[in-house]
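Novice: Next one to model:
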Amino acid sequence: MKKPNQTTMILLAGALTLALLIAFGAFFTWWSLASPRKTCLSCHEMQTNYDNWADSYHRDINCKSCHGGALSNGWHSMLENGRRVVGHFSGNSRPELAMQEEQILRILPRCKGCHEAEYADWQAGGHSVTYADIYLDATHNHTEQPHNDCMRCHGMFFSGNIAEIVTPVNNQGPWRFVDAEKAEQPVIPCLACHHIHRPGQPAQAPDYAEPQMIASTRPARLVNVEFYVRSEKTHFAAADLPALKLWEGARPVQVSDDVRQRVCSQCHAPDAWHQAGTSDDRTPRGVHEGLSCLACHAPHKHETAQSCGNCHPALSNCGLDVKVMDTTFRDPASKNNIHFAKCADCHKDGRTSTRKAG
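Specialist: Have a look, this model is predicted:
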């Protein structure tokens, strides 16, 4: 039998390579365009995740738009998915797949693709604080050393313990990160307060045929915030979180019934005795008692620059512009904290007005 010559071998190898490339391209195209039920769900133990997505606000958005594709992160994705395949066939896979912190941080720029204004506000607000801002704060660390409970609010998706973030774990320092890459990572990402698979209806245009009916027929907007509880590794809807019980001495403090504030109070919480103004509690009392945090603070940026004008007229009962009163709204050094200010803080003699008679 005559052996094929070198040219024939090269042509056969080229044809085989081309066929493999075409086959791979066809498979990759199908994988990218097919329903998640035929792709992700067919291989991974994620039925619960799929069911939640199918009933969520994001049901019309393909999985890879948020989570990325099989090759979106190069060899890292391939190794990660390879481990899942091995776990699947070896019987060592987890009942439900949960995202790790590095995966959640990769999602952040994809959130921006649709929620650009909210993302910009988050970046400009206090919740975009980084690991370096929190865990290398020498003033705070000298007062209270870093500990695991810090991650309940600052780094809630990190799966390790505090010794795997910062060293030394004491209040002497100097402190440094175990992994230097953590320095600029955010400790309160979008998913701290938002659940991608939260149940809800995608937004729809109103019926413009009857414009006068738009307002009355508009569906009620559901509260779309949740809180990720690190110890449980799951989100809890704001309405399912406990309402804050708060006291000023023995007096019960009136707390807003805005369920969104229950998310705020998970981190901005009082001490174990629920005394108002202790620890990180900022629940309004005094002249603002009963108001929701969201009455003054913008949801993502948290700025309050225009908040006074939303409720107050140009002049208060005192005849003064509320924005220039001696409170922390005007000057952070003021002794009259805007969260807790009382009339008597300024009106020592008990007068209710400083306007001149006549």
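Novice: low-scoring stretches of the stretch 251-358 of the chain, by residue?
Specialist: 315, 317, 349-358 (pLDDT under 70).
Novice: which stretches of it form strands?
Specialist: Assigned by DSSP state E, counting those that start in this stretch, the stretch 251-358 of the chain shows strands spanning 251-252.
Novice: how about the helices in it?
Specialist: Taking DSSP state H, counting those that start in this stretch as the test, the helices found in the stretch 251-358 of the chain are 260-267, 307-311.
Novice: same question, the stretch 1-150 of the chain
Specialist: With DSSP H, counting those that start in this stretch as the criterion, the stretch 1-150 of the chain has helices at 6-33, 40-43, 47-54, 63-67, 75-90, 101-114, 116-124, 131-135, 138-143.
Novice: Give the buried residues for the fourth one.
Specialist: Using 16 or more other Cβ atoms under 10 Å as the burial criterion, the residues of helix 63-67 that qualify are 63-64, 66-67. In short, each C-beta sits where N, CA and C put it, glycine included.
Novice: Sort out which one of those residues lies nearest residue 213 for me.
Specialist: The shortest approach to residue 213 among the buried residues of helix 63-67 belongs to residue 66, at 34.7 Å (Cβ to Cβ).
Novice: quick one: contacts for that closest one?
Specialist: Contacts for residue 66 (Cβ atoms under 8 Å, 6 or more residues apart in numbering) come out as 58, 107, 110-111, 196.
Novice: For residue 343, state which of those is nearest.
Specialist: residue 111 (43.1 Å).
Novice: Residue 159 is nearest to which of the helices of the stretch 1-150 of the chain?
Specialist: helix 101-114 (6.8 Å).
Novice: Give me the contact list for that closest one.
Specialist: For helix 101-114, using Cβ under 8 Å, 6+ apart, the contacting residues are 61, 65-68, 73, 99, 118-119, 155, 157-159, 185-186, 189-191, 196.
Novice: do stretch 274-283 as well
Specialist: By Cβ under 8 Å, 6+ apart, the residues outside stretch 274-283 that reach it are 244-249, 253, 255, 261, 265, 267-271, 285, 293, 339-340.
Novice: same question, stretch 258-270
Specialist: 152-153, 193, 223, 225-227, 238-239, 241-244, 246, 255, 276-283, 292-295.
Novice: Name the residues of stretch 182-192 that are buried.
Specialist: Residues of stretch 182-192 classed as buried: 182, 185-192 (neighbour count, 16+ other Cβ under 10 Å).
Novice: Return the two entries of these that lie farthest from one another.
Specialist: 182 and 190 (18.1 Å).
Novice: Many thanks, have a good one.
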